[in-house]
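>>> got a structure for you, letters missing:
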């Protein structure tokens, strides 16, 4: 029995999210199917680092599984890139220590949210960045970012579907950069609540639009109330960039 | 009668190229149809700065036309972005001096070619950059670039379908940059022969692969013979970035 770690990139537009669902195409389903084929029909149980929602992208999603059938690392990676649909690719396939588990072994994750600040829609960024039509006050957004870097009860930034028992989370890093005309908001931490990044971003965008004061984050966190935070930002801007082990 | 200048962005994957063709979807056709609708059925004759080939993208294509029906600039731009398919957007629509002509008034153009140098295919760059699977010698490519900045007979970099009478062209600028992990080759000049940029890029990539010496460009130009240059690089990496007036 060999434990495998695979790193995947995918375009979230093509899928109903990571998790397998009836009557919808999930990333899990296409990867499962491809692995079963590569491992000669063996039944594969996939564990994933972070279940991405519908429309959310990944640049470095990680999954793990165990398999009996012997295969080389190159064969698995290249096999996946032959069998998988164009919207998913495998960046690496490695044989790892037996106790490795994509979710339980993860030490941290980085998410990125892309904002195209432009009056007119873009053929190249549709579905891959959130298009904000009016100029945002990025200085106000930058002044709010350090307030998110904390360990605290993040209930205010927690989606209704979140099943986590403990709402305390740590954000290690919250940063804004402008790369080739696209605004990036990046967040790193050991783990995030469901929708946490999208609600944080939605709140920051409202600060950038002048609908909230730049120092609103500590107040929002203190309420522990979802209704005091901003709207959930659209999924198409969100990327799972990296999982650290 | 008002003369109009419109700037367009489009994803070349969705089209058979700029030029109208029977049984294929061209950019010209969808823009023509949209303008006729916006100008109340008036017949519009479109002139374009540079006819892009099938699969080639534009970030700043320019077209001009004359119209009788009065319309505001905002109405034309926003109307186009409502009526046009998602793969094309209008960045500006301006009323200009009567003698303006998108092709004849152009002083220069900039083209960009994107290269994703990566072992595995990418869901995000498929159709939008050329994927080179093995590492290239970018230092060799950079040392060859200045040899392209010249005014000379460019017959060696001329595609078979090129109808230009005079094969002398000027390249003002040839540059390599690496932006967010994607290699960019950029070329500016008053005008280019058909396929010139793609043949120059194909030749540079062969230099980068070590199949040609880095000082091969002057020899190739001197032959004035297409067969001495490299292969025509694939269309998906090419973008018409800007037209200068």
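Arrived safely. Worth saying up front: this structure is predicted, and the values here are computed from it rather than measured. Numbering: from 1, shown residues only, chains lettered A, B, ... in the order given.
>>> where's residue A:79, which helix or strand?
Assignment of secondary structure by DSSP states H and E places residue A:79 within helix A:73-83.
>>> Once you drop chain neighbours, what's closest to residue A:28?
Computed as Cβ to Cβ, 6 or more residues apart in numbering or on different chains, the closest residue to residue A:28 that is not its neighbour in sequence is residue A:20, at 4.6 Å. Using the backbone N, CA and C atoms, a C-beta is placed for each residue, glycine as well.
>>> What of residue A:14?
Spatial nearest neighbour of residue A:14, excluding adjacent residues (Cβ to Cβ, 6+ apart): residue A:87 at 3.7 Å.
>>> can you count the residues close to that neighbour?
A count of nearby residues for residue A:87, using other Cβ atoms under 10 Å in any protein chain shown, gives 19.
>>> near chain B, which residues of chain A?
For chain A, the contact set with chain B under Cβ under 8 Å from any Cβ of the partner chain comprises A:9-11, A:14, A:57, A:77, A:81, A:86-91, A:120-124, A:126, A:128, A:179-180.
>>> if I pick residue A:184, what's in contact with it?
When contacts are counted by Cβ atoms under 8 Å, 6 or more residues apart in numbering or on different chains, residue A:184 touches A:112, A:113, A:114, A:115, A:175, A:176, A:177, A:178.
>>> circling back to that earlier point, which helices and strands sit right next to the helix or strand following the helix holding residue A:79?
For helix A:73-83, the succeeding helix or strand toward the C-terminus, using DSSP H and E, is strand A:88-96. In terms of contacts (3 or more Cβ pairs under 8 Å, 6 or more residues apart in numbering or on different chains; DSSP states H and E), strand A:88-96 is packed against strand A:2-10, helix A:27-38, helix A:73-83.
>>> export the ones you listed to a markdown table and tack on mean pLDDT, distance to residue B:225 and mean neighbour count?
Rendered in a markdown table, the data for those read as follows (pLDDT from 0 to 100; distance: least, Cβ to Cβ, whole Å; neighbours: other Cβ atoms under 10 Å in any protein chain shown):
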| stretch | mean pLDDT | distance to residue B:225 | mean neighbour count |
| --- | --- | --- | --- |
| strand A:2-10 | 98 | 42 | 21 |
| helix A:27-38 | 97 | 47 | 20 |
| helix A:73-83 | 97 | 39 | 17 |
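>>> can you tell me the distance between the two ends of stretch A:97-107?
Taking Cα to Cα, to the nearest Å, the span from the opening residue of stretch A:97-107 to its closing residue is 16 Å.
>>> List the buried residues of that stretch.
The neighbour-count criterion (16 or more other Cβ atoms under 10 Å in any protein chain shown) identifies A:100, A:101, A:102, A:105, A:106 as the buried residues of stretch A:97-107.
>>> who's in contact with residue A:32?
Applying Cβ under 8 Å, 6+ apart, we find residue A:32 in contact with A:20, A:44, A:46.
>>> Residue A:31 is in contact with the first one, correct?
The reference is to residue A:20. No: if you go by Cβ atoms under 8 Å, residue A:20 and residue A:31 don't touch, sitting 9.9 Å apart.
>>> coming back round to it: quick one: buried ones out of the contacts of residue A:184?
Buried members of these, scored by 16+ other Cβ under 10 Å, are A:112, A:113, A:114, A:115, A:176.
>>> Just the ones in strands from those residues, please.
Using DSSP state E to define strands, the subset of these located there is A:112, A:113, A:114, A:115, A:176.
>>> The second one and residue A:48: what is the separation?
Applying Cβ to Cβ, to the nearest Å, one obtains 20 Å for the distance of residue A:113 from residue A:48.
>>> just the strands in chain A please.
When assigned using DSSP E, the strands of chain A occupy the ranges A:2-10, A:47-48, A:57-67, A:88-96, A:108-117, A:130-132, A:151-153, A:168-170, A:173-179, A:182-189, A:238-244.
>>> ok, back up a step: what residues are up against the residue nearest to residue A:28?
With Cβ under 8 Å, 6+ apart as the criterion, the residues that contact residue A:20 are A:26, A:28, A:29, A:32.
>>> which residues sit in contact with the third one?
Yep, that's residue A:29 we're talking about. Contact partners of residue A:29, counting by Cβ under 8 Å, 6+ apart, are residue A:20.
>>> do you know how far it is from residue A:45?
Look at residue A:29 and residue A:45: by Cβ to Cβ, they are 13 Å apart.
>>> Which one, of the strands of chain A, ends up nearest to residue B:230?
Evaluated over the strands of chain A, closeness to residue B:230 peaks at strand A:88-96, with 27.5 Å, by Cβ to Cβ.
>>> ok now that closest one, how far from the chain's centre?
With Cα atoms, centre = their mean, to the nearest Å as the basis, the distance from the averaged C-alpha position of strand A:88-96 to the chain average is 18 Å.
>>> Partner strands of that strand and their direction?
Take DSSP bridges as the rule and strand A:88-96 pairs in its sheet with strand A:2-10 (antiparallel).
>>> wait, residue A:229 sits on residue A:156?
Yes: distance between residue A:229 and residue A:156: 4.7 Å, which falls inside the contact criterion (Cβ under 8 Å).
>>> that older thread, so, if you compare the contacts of residue A:20, which one comes nearest to residue B:95?
Compare each of the contacts of residue A:20 with residue B:95 using Cβ to Cβ and the shortest gap goes to residue A:26, at 50.3 Å.
>>> And for that closest one, the neighbour number?
19.
>>> Alright, that wraps it up for me.
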